[in-house]
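**Q** The amino acid sequence is not available; the structure is as follows:
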């Protein structure tokens, strides 16, 4: 949850966390596309101004870390725009220190570890650490007070063997 709608219409400023729709680049630096291109295909990826659902396993070695909050400069309660490793509020994988900026939404590609096929996905940007790419978003539907993951979208399942 990010209070994006609270800050809409105001300039990007430190400590006013909001979603940033960004261009995606693969590991080699090749331009992949813009996050909004993915949303145009399936708006369930970004169903509201304030909510996203992120895949819960690190893209480095498919750890299931639980995303513990640890006290370090990456998880400080601060925010800077740009999708970089600066500032805090990062999802931090305690296993090998990969960091992800859950406010930086991008289009990217990943490789299926089982069959080698490359696929495009919408996700949050990798900010630092050994993970090769960011975490994928899981499309959701909002039904009153219930957030439901979409089960017909299975690309995110191919991240781990």
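**A** Right, received. Where do you want to start? Model, not experiment: these values are computed from the prediction.
**Q** and the residue nearest the centre of the chain, bridged to which residues?
**A** When Cα atoms, centre = their mean is applied to the chain, the residue found nearest the centroid is residue 124 (1.7 Å). With DSSP bridges applied, residue 124 shows beta-bridge pairing to residue 105, residue 135.
**Q** Give me the buried positions along the top helix by length along the chain.
**A** Of all the elements of type helix in the chain, the one with the most residues (DSSP state H) is helix 35-41. Buried positions in helix 35-41, judged by neighbour count with 16 or more other Cβ atoms under 10 Å: 35, 38, 39. C-betas here are computed from N, CA, C, even on glycine.
**Q** Residue 81: which of the residues you listed is nearest?
**A** Of all those, the one with the least separation from residue 81 (Cβ to Cβ) is residue 35, at 14.7 Å.
**Q** before we move on, the earlier item: tell me the spacing between the residue nearest to the centre of the chain and residue 117.
**A** Between residue 124 and residue 117 the distance is 22 Å, computed by Cβ to Cβ, to the nearest Å.
**Q** any idea which helix or strand comes after the worst-scoring helix or strand of the chain on mean pLDDT?
**A** Lowest by mean pLDDT, DSSP states H and E among the helices and strands of the chain is helix 4-7, with a mean of 78. Once the chain leaves helix 4-7, the next helix or strand it forms, by DSSP states H and E, is strand 20-21.
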